[in-house]
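[1] with the sequence up front, the predicted model follows.
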Amino acid sequence: MPSPLRRRLLPLAALAAAAALALSACSGASTSSGGGSGDGELVWGVDGSLLSAGKMDPQSSQLDVTAMVQRAVLDSLVFQKADGSFVPWLAKSWDVSKDGTAYTFHLRDDVTFTDGEKFDAAAVKANFDRIVDPATKSAQAASMLGGELYKGTEVVDPTTVKVTFSQPYAPFLQAASTAQLGFYAPKVLKDHAADLAAGGKGITVGTGPFELSGYTPNQEIVYTRNAKYAWAPEGMKAPAFQTLRVRILPEASARSGSVASGEIDLASQLPPNLVAALKGKATVKSAEVPGLPYSLFLNEKFGVFADPKVREAFTRAVDVDTAVDKIFFGQFPRAWSILGPTTPGYDKTLEKSWPFDKALANKLLDEAGWTQRGADGIRIKDGKRLSADWIAWTPVSDDHAALANAIQSDLKAVGFEITRETLEPGAYNAKYGPKTFDITDWDFSGVDPDLLRSHLATDGFQNASSVSDPKVDQLLKDGIATTDGAKRSAVYAQLQQWNAKDDAIMPLYVTSAITAVDDRVSGLTFDIYGRPLFFGTSVK
């Protein structure tokens, strides 16, 4: 699951405009520089502990880290800048039909994959066809490609490709800028489609600024500069160093300590408690991540959370402000909505709207009939304890473990028992699949508010709360069908307000991407998610 100082807030107005997709043609050839120069090696520490579990393919994996590291290999049709606007990348221009159902991309004619194959319209079609093929078992990428709305990709000519949907699909341009909809070489898709999840040299082949030249699972991924690379996003330059070595360091303290000692040059996914120790040893960058904040998902179709009073009592019994401030050292803001503040359509009116209220939580549980108490103080109704099972995907970070303890303690104070299971992937999925759990947790990065579709639609692949509401389904459809920014924001405000009343998802805190950078590295920039970009980067 997708799934932490200076906080960089992405401009909301600009993002909203981008997400609304003013459906006009965008054109202009890339002015980026050629294949790059300079030697040197940049060593990057990441938590890639799950990559070896068949998660090396962004087209099939939902992990943020997959997209983050494989961005080095996989280019996209367009690039989204930090201000939310889109510029040419593999497509030098594009047009959107008046009814918003078709996107036509005019491709560069000078791009090649690192295996020597030419990038063309047929390559775009082959990749998109692979994403929607049931055999790929893609969830996130297939959803970003429109899911059931996707009608197909047509090769108009070698440098022109048309992507069509059954209705207007406003989020597509943003989706087309991501690594999830990036491109593998056609020969790889033909000969190694089944191996892409495992990844490796000669398998993970794209058009990117780097070529995957070595992979030792659970240890490191080695990327070597693509000397022929001359098609960076408009206005950007190719990386100016030879080797990108990604060290798999699951422990945050190991990543922090390694960058502080100079053993590595860059450390990502750092928690706030380690920032202070890096003062004077590395430059710390922080960016609030757009998307769904770290949240608890309350399963409405299983156990005690079928009762809306119990769900509301649960959310009001937890002192979220105190727990988040203490555990995350005041660096991560408490979340009030199922969209983060840097996400287009964020409803600011929800802030402070459901504060900690122990008395109200007790009152609601009494009204729900949980009036008796056991010897340990846990409430009882009809001979059953007020208990909920929380399943968590391993590994669990220290801060998430501390947050869980605080939540369990607060709920116990109102007579609500929370049992927590930290499960390996197989055991987790055995409960998650049939929805035989009460609570689970994650956050999910995404620039377009359409990410709520996978979490709230009746058939959403991440609908952990088992929501099934015709009104919600219709709002989600309305959100992707309109290209008017104000109207889209109004739709997603309604969805956020619905959740604030229904309590299907309990948002806890807004994640920031915290990265430590050694002084040897210069020119490093970050994408709209706060992930490192290596265009124009050099190493002393």
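    On my side now, so go ahead.

[2] please work out the average pLDDT along stretch 210-230.
    The predicted model gives stretch 210-230 an average pLDDT of 97.

[3] now do the buried residues in that stretch.
    210-213, 215, 220-226, 228-230 (16 or more other Cβ atoms under 10 Å). Every residue, glycine included, has its C-beta placed from N, CA and C.

[4] what's the most distant pair in those?
    Farthest apart among these by Cβ to Cβ are E220 and A230. That separation is 27.8 Å.

[5] so which of the buried residues of stretch 210-230 are in helices?
    Members of these lying in helices (criterion: DSSP state H): none.

[6] just these now: which is nearest L196?
    Using Cβ to Cβ, those come closest to L196 at L212, 11.3 Å.

[7] so what's that closest one up against?
    For L212, the contact set (Cβ atoms under 8 Å, 6 or more residues apart in numbering) comprises A72, V73, G199, G200, K201, I203, T204, V205, I221, V222, Y223.

[8] hmm, try it at 6 Å
    Each residue near L212 by Cβ atoms under 6 Å, 6 or more residues apart in numbering is listed here: V73, K201, T204, Y223.

[9] who wins for neighbours among those?
    Using other Cβ atoms under 10 Å as the neighbour criterion, T204 leads the contacts of L212 with 30 neighbours.

[10] give the bridge partners for the residue nearest to it when sequence neighbours are not counted, please.
    Closest residue in space to T204, ignoring its immediate chain neighbours: L212 at 4.3 Å, by Cβ to Cβ, 6 or more residues apart in numbering. Taking DSSP bridges, one finds Y223 as the beta-bridge partners of L212.

[11] distance check, L212 against T114.
    As judged by Cβ to Cβ, to the nearest Å, L212 and T114 stand 9 Å apart.

[12] what's the answer for N273, then?
    For N273 relative to T114 (Cβ to Cβ), the value is 40 Å.

[13] more crowded one of these two?
    Legend: neighbour count by other Cβ under 10 Å for N273 and T114, higher for T114 (22 against 18).

[14] since we're on S465, how many residues are nearby?
    28.

[15] grab the nearest non-local neighbour of R385.
    Using Cβ to Cβ, 6+ apart and skipping the chain neighbours, the partner closest in space to R385 is I378 (5.2 Å).

[16] check L386 too.
    Spatially, and ignoring its direct neighbours in sequence, L386 is nearest to R379 (4.0 Å; Cβ to Cβ, 6+ apart).

[17] for that neighbour, give me its contacts.
    Taking Cβ under 6 Å, 6+ apart, we find R379 in contact with W370, R373, L386, G415.

[18] who wins for most neighbours among the residues you listed?
    Result: W370 is most packed of the contacts of R379 (other Cβ under 10 Å), 26 neighbours.

[19] hang on, it is in a helix, isn't it?
    No - applying DSSP: H, G, I helix; E, B strand; the rest coil, one finds W370 to be coil, outside a helix.

[20] gap between it and A457?
    As judged by Cβ to Cβ, W370 and A457 stand 31 Å apart.

[21] swap in A139?
    From A139 over to A457 the distance is 13 Å, taken as Cβ to Cβ.

[22] could you check which of the two has the larger neighbour count?
    Per other Cβ under 10 Å, whichever of A139 and A457 has more neighbours is A457, with 21 against 16.

[23] tell me the pLDDT of the residue of the chain most remote from its centre.
    Most distant residue from the mean C-alpha position of the chain: A375, 43.7 Å away (Cα atoms, centre = their mean). A375 is assigned a predicted lDDT (pLDDT) of 96.

[24] how about R7?
    The model's pLDDT for R7 equals 27.

[25] what's the pLDDT at the residue nearest to L386?
    We have a pLDDT of 98 for R379.

[26] cool, A20 as well?
    Confidence at A20, expressed as pLDDT, is 37.

[27] could we number from 26 for the rest of this?
    OK, 26 is where the count begins now, so the last one is A45.

[28] secondary structure class of the nearest residue to K176 once chain neighbours are set aside, three-state.
    Nearest residue to K176 in three dimensions, chain neighbours excluded: T189, at 4.4 Å (Cβ to Cβ, 6+ apart). Following three-state DSSP, T189 is assigned to strand.

[29] T189 against Y128, yeah?
    No - in this structure, T189 is not within contact of Y128 by Cβ atoms under 6 Å, at 8.0 Å.

[30] of the two, who's got more company?
    Between T189 and Y128, Y128 has the larger neighbour count (other Cβ under 10 Å), namely 24 against 17.

[31] ok, the residue most central in space within the chain to T368 distance?
    A centroid search over the chain (Cα atoms, centre = their mean) returns S470, at 2.9 Å, as the residue closest to the centre. S470 sits 10 Å away from T368, going by Cβ to Cβ.

[32] now L299
    Taking Cβ to Cβ as the measure, L299 falls 26 Å from T368.

[33] more crowded one of these two?
    Shown here are L299 and T368; by other Cβ under 10 Å, T368 has more neighbours (29 against 21).

[34] so who does the more buried one touch?
    Residues near T368 by Cβ under 6 Å, 6+ apart: P315, P474.

[35] change it to 8 Å
    Taking Cβ under 8 Å, 6+ apart, we find T368 in contact with L40, P315, G316, G471, V472, P474.

[36] quick one: which of these is most hemmed in?
    Of the contacts of T368, with other Cβ under 10 Å as the count, P474 tops at 30 neighbours.

[37] so that residue sits right up against G365, yeah?
    No - assessed by Cβ atoms under 8 Å, P474 is found out of contact with G365, at 10.1 Å.

[38] how's the chain carved up into domains?
    Following automatic domain parsing, the chain resolves into domains at 32-312+538-564, 316-535.

[39] rank the ones you listed by pLDDT, which is bottom?
    domain 32-312+538-564 (a mean of 90).

[40] and stretch 538-552, how far apart are its ends?
    11 Å (Cα to Cα, to the nearest Å).

[41] starting at the chain centroid, how far to that stretch?
    In terms of Cα atoms, centre = their mean, to the nearest Å, the centre of stretch 538-552 is set 20 Å apart from its chain centre.

[42] okay if I get the contacts of R404 as a markdown table plus distance to I289 and secondary structure?
    Shown next, in a markdown table, are these (distance: Cβ to Cβ, whole Å; DSSP: H, G, I helix; E, B strand; the rest coil):
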| residue | distance to I289 | secondary structure |
| --- | --- | --- |
| W395 | 51 | coil |
| R398 | 53 | strand |
| L411 | 47 | coil |
| G440 | 48 | coil |
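
[43] tell me the one of these nearest A148?
    Nearest member of the contacts of R404 to A148, counting by Cβ to Cβ, is L411, at 56.0 Å.

[44] list the contacts of that closest one.
    V329, V335, L390, W395, I403, R404, I405, G440, F441, E442.

[45] cool, and T184?
    Residues counted as contacts of T184 (Cβ under 8 Å, 6+ apart) are H131, L132, R133, D134, D145, A146.

[46] count residues in the vicinity of the fourth one, would you?
    Pointing back at D134 there. 11.

[47] secondary structure element for it?
    Here D134 sits in a region with no helix or strand, counting by DSSP states H and E.

[48] am I right that A541 sits in a strand?
    Yes - assessed with three-state DSSP, A541 lies in a strand.

[49] returning to that earlier point: can I get the contacts of R404 in JSON lines including distance to A78?
    Listed next are these as JSON lines, based on distance: Cβ to Cβ, whole Å:
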{"residue": "W395", "distance to A78": "40"}
{"residue": "R398", "distance to A78": "43"}
{"residue": "L411", "distance to A78": "35"}
{"residue": "G440", "distance to A78": "39"}
